[in-house]
Each structure stands twice: as C-alpha cells, then as structure tokens.
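Asker: Pasted the sequence and its predicted model underneath.
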Amino acid sequence: MQIETPIKIDQVPIVAMKRLLMILLTTALTPVVALAQSQAAAHAPLQTAAPATETYPDAAATDPVAMGWMVGSPPPPERLIQYDDLSFMRFPQTRWSFSHWRELRPTAEISRGDGPVSPLPTAARNDLDAVSFTPIGGGQPMTWAQSLDANYTDGVIVMHRGKIVYERYFGALTPAGQHIAHSVTKSFVGTAAAMLIAEGRLDRDALVVRYIPELADSAFADATVGQVLDMTTGLAYTEVYTDPNSDAFAFVRAGGMMPRPADYNGPTTTFDYLKTLKKAGEHGRAFAYKSVNTEVAGWLVSRVSGKPLAQVLSDRFWTPMGMERDAYIQVDSSGAGYAAGGLNLQLRDLGRFCEMMRNQGAFNGRQIVPAAVVADIANGGSPEAFVSAGYKTLPGWSYHDQWWVSHNDHGAYMARGVYGQACYVDPKAEMTIVRFASSPLASNALLDPTSLPAYQAVADHLMATDPRP
C-alpha cells in the first residue's frame, strides 16, 4: 500500500486544500446526504475525491494494529500520524486516530466520579452473526457479521432487555478504550438542553439572545432555542467543500479542527466565529443540518448551567449513571468543548447512555433524564420540515433536540456520527445497538444501506427468538 508523504499545511496547493477540507468538514458537520455520486465525492476521505463506487482496501487489510501506525520511538515517517499535516484524518490512518484522539488534539476530561461502576449484565448469544438482511436498494443478502466488516467497525454492542447479548472489538479499539463519537456528541448536548428546558432553566420558545446576548448581531439574534435544537434556523452559512473561501473553512479554523495558515487573522474560538454568522431566509421553516447550531446549543447549556460543557456532561450523565470510565471532549483555544462532535468515550458507556434512553431515562437505580423529556425526543420533530433536506435513506424521518427519529413501527431513533458512529434505540424490540467505526466513507448516506436494515434485522430476530411471554 502506498503511504502518502507528510506535508506542511503552508505547502498545500489549492487542490489539495480542497481535499483536506472535505475530510475535516465531514467530521465537524456530519451531513447525511443523498446517494448521488457527486455528493458522495464531496464527503470522501482525504486521499480520494472519487465517487462512492471506488473500491477501498477492506477492514482486514487496513487493520491499524497490523499496519503498525505510531509504533516506534519515534515511529518511522511512513507510520507517523499527526495533526499539523492532517494525516490524522486520512484513511487508513483514521483507523488508528479515531481511537487515540487525545494524543492528537487538546481535550477536557469528563469525570465519572469515584462511585461504583453500574453493572451491565451479559447474556451472550452466538446466533446474531448469521442474521441476514437485504441492503437498501437491493443487491445480495448480507449477514450481520458481514455488515460489520463492510462498515469498518471498531466496536459494537447489542443490548436486549438490559443485557449485553453481543460485544465485539476490532483494530485499535479495546473494551477499555475510548473512541471519538463525532456527531453522536450532538445527542448528548441536545439531551442536556432538553433537561434544562424541563427544569424551567431554559425556555424552548425564548430567543437565544436572552441567554447569549453576545449573539445579538448574528444570525441567531431572532432564532429561538427550539429552532437551534431542531436545526431549523436560516443561516447564510455555506458548506461548499470545493471552495476554500467557504464559510465552513472559517468554522473549522476558528475551532482548531484544522491548522491555520501563517497569515490567519480570523476568529480563534468557536464562540467568536458564531458571532460572525448572518441570517438567510426565515427561521423555523425547514430542517438544515448545520453543526454551528449545536455549537450554539452547547453554549446555551454551558451558559445556563454556569459550567463548562465537560462538567455538565459529568454531572448529568457520567457520575449519576456510574459510567465505567472517564470520557473526554475536544476543546478549542478558549477551553470550550466541541459540542458538535468532540466527545470520546468507552463503547460500554455509550451503551449505558442509550439503554438509559430506552428505559425512559432511568438507569442505575435513578431517573437520569425525566421520562417526559425522553418521550418528547422519541416523538420526534416535523417530518414535513425534514423532507426538504432530501435524505434519500431516511424517508419519513425527523430531527428533534439533536436526535434522528425514524417514526417507524418500532419507534426507533438514533444518535449518528460520520464514519459509522451510532446509537440505535429500538423501544419495541427492547434493544439498543451502539457502534464505533472508521469507515473510509464519511457520509452516513453511504453507510445506511448496510446499517439501517442490519439494525432492523437484529431487532426482528431478537423479538422472534426471545418473545415476551
């Protein structure tokens, strides 16, 4: 396999810079696009802007342990992964970096406290690997085990009625390891915001500037808290991945998600960048997935709570839930947590969080999230507002409080992140599935055809083979 030579950011030509932006923006913004090849190319990994039909080395061939990334004192240049040259976001290097984020970017700890770890009972089943399904769009049937390989799974847990029935780890991830959740982070932030609303500390119908007057001259001046949480704001914010002058370039540079050129003189924090955004169209009319909304939501949560986002997540979830391990979140130069996609956590702890949601907010003998909050999230938002966004793999879905809601007959809803991160909650099947992955394809629209029917097939299998009396 050919290994790319590390490059310095100020030596990157415009064409290469465009490709660098593709990878950084898909990490930051988690768009779920249509299955058109042009859009697939816009979300492709760094070393390719090719259509989604391009063939990549499979999961076994890109095993990060076998490839020897970052081994040695120091590692040889061809096995070195760094931030400054963006090699940390190239495939197959991402198969290592997604499980070692703290070694590459500044972070803040999310403490679990010193209480006991909440138990996760196990009732292992050996029949799930053979569960089969037909991918969206047709084609040859595929098994659950094959889908894990196809999506470059790093770790997956299936829970049924509160017990782990399936748990596997691959590549660089171990049971004790932490992995970046990308935009699954959004659902933690949205849930925390919804809790503050339920407590009367945050008003869904109030203007954002009631709590963050610093945004009075921005696009968010007349946006409500609810519009931010449901991403129905009208923003003059472009996500044109082939244009180095796109607004999205400024976002990733300001937040430290991308190296800045030597002559950079723009905002140096995410909050300062949000102040520069202008309005386009009316708020509240249509869903448009733009991660700057989540950065505002994270700011609201921190402002109203009077604490950094990392501390809020610790207080709200990690400590009372008896999480197994501390987590951490990427921060910008001001120490603000990257609300849109910076959470890194253990897979079992993601399982605990999603099980808590399945159980109407109850976990570890406590009511972590009010049942009414969970019910409101599961009920979803407006499918009419959602449809205009054109998500071909998500017909009939909606978006509410930073969660993706299917409105199917199982009442399933999800937290989703690029490159295959997922928390899938199926109340009817009494099942949750959590997955970390490092697919070469960032867009979930390209992973959904082999992920969503796989989740449904496992749910149906569990219901059929272990029915309620």
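Answerer: Received, thanks. Residues are numbered from 1 along each chain as shown.
Asker: Can you pull the domain assignment for this protein?
Answerer: 9-108, 132-184+309-465 (automatic domain parsing).
Asker: For Gly255, which of these is the nearest?
Answerer: Nearest of those to Gly255, taken as CB to CB: domain 132-184+309-465 at 4.9 Å. From N, CA and C alone the C-beta is placed, and that goes for glycine too.
Asker: Surely Pro74 is in contact with Leu80?
Answerer: Yes. Judged on CB atoms under 8 Å, Pro74 makes contact with Leu80 at a distance of 7.2 Å.
Asker: These two: who's more crowded?
Answerer: Shown here are Pro74 and Leu80; by other CB atoms under 10 Å, Leu80 has more neighbours (16 against 9).
Asker: Hmm, His160 is touching Met431, no?
Answerer: Yes. Counting by CB under 8 Å, His160 does reach Met431; the two are 5.1 Å apart.
Asker: Which residues are in contact with each of the two?
Answerer: Leu462 (CB atoms under 8 Å, 6 or more residues apart in numbering).
Asker: So which of the two has more stuff around it?
Answerer: Using other CB under 10 Å, the more surrounded residue of His160 and Met431 is Met431, with 26 against 22.
Asker: Distance check, the more buried one against Phe353.
Answerer: Separation of Met431 from Phe353 (CB to CB, to the nearest Å) stands at 15 Å.
Asker: Kindly report the same for Val158.
Answerer: Distance from Val158 to Phe353, by CB to CB: 15 Å.
Asker: between these two, which one's more packed in?
Answerer: Per other CB under 10 Å, whichever of Val158 and Phe353 has more neighbours is Phe353, with 27 against 24.
Asker: How about the secondary structure of the closest residue to that one other than its chain neighbours?
Answerer: Leaving aside its sequence neighbours, Phe353 sits nearest to Phe317 (CB to CB, 6 or more residues apart in numbering; 6.4 Å). Here Phe317 is recorded as helix under DSSP: H, G, I helix; E, B strand; the rest coil.
Asker: how many other residues sit next to Phe317?
Answerer: By other CB under 10 Å, neighbour count at Phe317 equals 25.
Asker: got the contact list for it?
Answerer: Applying CB under 8 Å, 6+ apart to Phe317 gives the contacts Phe188, Ala192, Met323, Phe353, Ile368.
Asker: if I pick the last one, what's in contact with it?
Answerer: Contact criterion CB under 8 Å, 6+ apart gives Arg316, Phe317, Pro320, Met321, Met356, Gly361, Ala362 as the residues in contact with Ile368.
Asker: Of those residues, keep whichever come out buried.
Answerer: Listed as buried from the contacts of Ile368 are Arg316, Phe317, Pro320, Met321, Met356, Gly361, Ala362; burial here means 16 or more other CB atoms under 10 Å.
Asker: ok, the second one to Thr62 distance?
Answerer: Separation of Phe317 from Thr62 (CB to CB): 33 Å.
Asker: What confidence value was assigned to the nearest residue in space to Gly337 that is not next to it in sequence?
Answerer: Nearest residue to Gly337, sequence neighbours excluded (CB to CB, 6+ apart): Leu309, at 3.4 Å. For Leu309, the model assigns a pLDDT of 99.
Asker: Leu309 contacts Ile329, correct?
Answerer: Yes. Proximity of Leu309 to Ile329 meets the contact threshold set by CB under 8 Å, at 6.6 Å.
Asker: what do those two both touch?
Answerer: In contact with both Leu309 and Ile329: Ala108, Gly337, using CB under 8 Å, 6+ apart.
Asker: Quickly find the element holding Gly256.
Answerer: Using DSSP states H and E, Gly256 falls within no helix or strand.
Asker: Report the contact partners of it.
Answerer: Residues in contact with Gly256 (CB under 8 Å, 6+ apart) are Arg105, Pro106, Asp332, Ser333.
Asker: ok, so of these, who is nearest Gly298?
Answerer: Closest approach to Gly298 among the contacts of Gly256 (CB to CB): Asp332, at 11.0 Å.
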